[in-house]
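Student: 3D, please:
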Amino acid sequence: MAVDQLDTRILRLLLEQPRTSVREYARILGVARGTLQARLDRLERDGVITGTAPTLSPAALGHPVLAFVHIEVTQGHLADVGDDLAGVPEIIEAYSITGGGDLLARVAARDAGHLEDIVQQLNRLPGVVRTRTEVALRERVPHRVLPLVEAIGRAAAERR
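Tutor: So this is what the prediction gives:
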């Protein structure tokens, strides 16, 4: 999907001021409310905007230990193991990957002992061959998309 400069400005506002009304966004951007709403609808329909839920902190919810678990899976069982991962509440997200392992799961735990329990639970899943766990020490770059949005906006402006 092509994102133009107005889309970039809209996305920036959504990221920087997520609780602002559509009317206020339109005023800030200097566009008609209908124009803004049409853009928002298109960005949602095209999958650029995927939700409006708040961002929650696992640490503030009592799960300050963040780990990345590489999971090696028996050939032919990737989908089944992936489905099983969805049943583990401490798994925040999981991806199929290339390289050292077949799946990579981001896990939030209360403490080291809880993390060990989660990893042992993963090791017991049918189709899991082995796991390798890496504990995050400190967040260096928080989850973000605004720099990417801005780079796409600049590229769109240069193409014009």
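
Student: Give the pairing partners of the helix or strand harbouring T133; include direction for each.
Tutor: Using DSSP states H and E, T133 sits within strand 128-135. Applying DSSP bridges to the sheet, strand 128-135 is found paired with strand 65-73 (antiparallel).

Student: Pull out the buried residues from the partner strand.
Tutor: 65-67, 69-71, 73 (16 or more other Cβ atoms under 10 Å). In short, each C-beta sits where N, CA and C put it, glycine included.

Student: Out of those, which comes closest to G30?
Tutor: L66 (41.0 Å; Cβ to Cβ).

Student: Now for the closest residue to the closest one other than its chain neighbours: which residues touch it?
Tutor: Leaving aside its sequence neighbours, L66 sits nearest to A136 (Cβ to Cβ, 6 or more residues apart in numbering; 4.2 Å). Taking Cβ atoms under 8 Å, 6 or more residues apart in numbering as the criterion, A136 is in contact with 66-68.

Student: Just send those back as a markdown table, with distance to A112 too.
Tutor: Output for the contacts of A136, formatted as a markdown table (distance: Cβ to Cβ, whole Å):
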| residue | distance to A112 |
| --- | --- |
| L66 | 12 |
| A67 | 9 |
| F68 | 15 |
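
Student: okay, these in TSV with distance to L14 and pLDDT next?
Tutor: Formatted as TSV, the contacts of A136 follow (distance: Cβ to Cβ, whole Å; pLDDT from 0 to 100):
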residue	distance to L14	pLDDT
L66	26	98
A67	30	98
F68	28	98
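
Student: host element of H114?
Tutor: H114 belongs to helix 112-123, assigned by DSSP H and E.

Student: So which other helices or strands are in contact with that helix?
Tutor: If you count contacts as 3 or more Cβ pairs under 8 Å, 6 or more residues apart in numbering; DSSP states H and E, helix 112-123 packs onto strand 65-73, strand 103-109, strand 128-135.

Student: among those, which is nearest T8?
Tutor: strand 103-109 (28.1 Å).

Student: where's D41 relative to V145, distance?
Tutor: Counting by Cβ to Cβ, to the nearest Å, the separation of D41 from V145 is 20 Å.

Student: per the record, what domains does the protein have?
Tutor: 5-54+143-159, 65-135 (automatic domain parsing).
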